[in-house]
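Engineer: how would this look folded up:
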Amino acid sequence: MSDTDAVEVVDAELVDDNEHTAGLPAVHQPLEGRPLITRHTMLAPGDPIPTTATAPRYSEADFRISQKTKERVQGSGSENTSRTYGSARGQFEAWCRGQGRVHLPCTTATFVEYVSHLIDRDVAPGTINVAMSAIRTWHEDGQQPGTKQAREMLRAHARNWARRKSPKQAPAIRTPMLEAMVGTCTWTDDRERPKALRDAALLTLGWGMLSRRSELAHLLIENLTVEDDGVTVKVAFSKTDQEAHGESTFVPADPDSPAVCPVRCVRAWLEELRSHGITSGALFRQITRGGNIPVRRTERGDFLSPDAVGAIVKGRAALAGVSDPSRPVTGHGLRRGPAQEIAEAHGDPTSQGRWAAGSATVRKHYVKPAQDKAKNPLRAARAKAREQADN
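Structural biologist: Numbers count the residues shown, from 1 in each chain. Coordinates of the predicted model:
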């Protein structure tokens, strides 16, 4: 070996590869495809970075649904909510069309401008709030317009509205009103008998259940167990039971007031249905002027609609002369009246009316007003004054 070929040899020791590289930055393999990450992505040790190369390959089949599924999706909401939302969305779409704006997905500016338009029309704050919810739930996730400015405008409108208008609640159907309404359920010939029996059963059972219109409209004959001491009603679903778990309500008999006794009225109606060959299915049905109970070939089948239930209540109130034109009786009165009477008797109507446990509505509109009346300080003061006068 020549001097020019000499190689310097130094002392060295063998080290473990991991120890040798511990302080050096990790070497990553280049990614295949574009990373699919956001600022919310978290990767645990060993997790690969998701990329377009590893993403599923979707085809048209992954996005198609059948006509039957489409109909189920469209009809999956509650009937009243679906109808209300459908109307609100139709009005918004028509307004956008007139303004040359895109309605779906709309911009936040369009959303705010529409809320301002409703305020200019002096629409009730509650109605505007429903419209806002209908529009936002119409959008796909992540496409909804912002609500901050619209909410601030609505709050100001609500305060102004409260100063100018007082809310009108439907009159409560108290026991004397119920008796007067059921008293109109009479007949002079056999053609009138089915409607009279149906309406008497609807009024007395609905009052005893503290029923919503939709609950009465969807009752089945199979939902009832009629015994001498009362009627047990299985409510398949309700406003506070959208998952349709179902719950039962017991409506006690009223032997001291046979005219409004739910047991007597319901039994009479069930007997009338049996005379028409009906022993199952819808409890409350459409009746022709001739007194027939036909099989209906409509979307609702044999069931009355909630609006039809409300119309029956209004009609009987008008016949009984208990409805004030400025504050007409509605189907909700069947719920408010007994709720008030229960609260005034120091009871809690929550369970009987199938409100959610701890309902603020029950506390605010029924229990607290009844307690305030009973404990009103003027009552005690007057009682004290009478006692002193007697002495």
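Engineer: mind checking how far the closest residue to W138 other than its chain neighbours is from K148?
Structural biologist: Counting by C-beta to C-beta, 6 or more residues apart in numbering, R89 is the residue found nearest to W138 once chain neighbours are left out, at 5.5 Å. Glycine gets a C-beta too; all of them are placed from N, C-alpha and C. With the distance defined as C-beta to C-beta, to the nearest Å, R89 ends up 22 Å from K148.
Engineer: neighbour-wise, which of the two wins?
Structural biologist: Taking other C-beta atoms under 10 Å, R89 and K148 do not tie; R89 has more neighbours (17 against 9).
Engineer: The spatially closest residue to P258 that is not a sequence neighbour: neighbour count?
Structural biologist: Excluding its sequence neighbours, the residue lying closest to P258 (C-beta to C-beta, 6+ apart) is R264, at 5.6 Å. Residues lying near R264 (other C-beta under 10 Å) number 19.
Engineer: which stretch of helix or strand covers R264?
Structural biologist: For R264, the host element (DSSP states H and E) is helix 262-275.
Engineer: export that helix as PDB, just CAs?
Structural biologist: Extracted C-alpha coordinates of helix 262-275, given in PDB (Å, rounded to 0.1, in the frame of the first residue of the first chain):
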ATOM      1  CA  PRO A 262    -116.300   8.600  29.700                       C
ATOM      2  CA  VAL A 263    -117.200   5.000  30.400                       C
ATOM      3  CA  ARG A 264    -120.800   5.400  29.400                       C
ATOM      4  CA  CYS A 265    -120.000   7.500  26.300                       C
ATOM      5  CA  VAL A 266    -117.200   5.300  25.000                       C
ATOM      6  CA  ARG A 267    -119.200   2.200  25.500                       C
ATOM      7  CA  ALA A 268    -122.100   3.700  23.500                       C
ATOM      8  CA  TRP A 269    -119.800   4.700  20.600                       C
ATOM      9  CA  LEU A 270    -118.100   1.200  20.500                       C
ATOM     10  CA  GLU A 271    -121.500  -0.400  20.400                       C
ATOM     11  CA  GLU A 272    -122.400   1.900  17.500                       C
ATOM     12  CA  LEU A 273    -119.200   0.900  15.700                       C
ATOM     13  CA  ARG A 274    -120.000  -2.800  16.200                       C
ATOM     14  CA  SER A 275    -123.400  -2.300  14.700                       C
END
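Engineer: Need the contact partners of that helix.
Structural biologist: Residues from elsewhere that reach helix 262-275 (C-beta atoms under 8 Å, 6 or more residues apart in numbering): 182, 193-194, 197-198, 200-201, 203-205, 207-208, 221, 224, 226-231, 251-254, 258, 279, 283, 293.
Engineer: Give me the buried stretch members for the helix or strand just after that helix, please.
Structural biologist: Downstream of helix 262-275, the first helix or strand assigned by DSSP H and E is helix 306-320. The neighbour-count check on helix 306-320 (16 or more other C-beta atoms under 10 Å) flags 306, 308-310, 312-317, 320 as buried.
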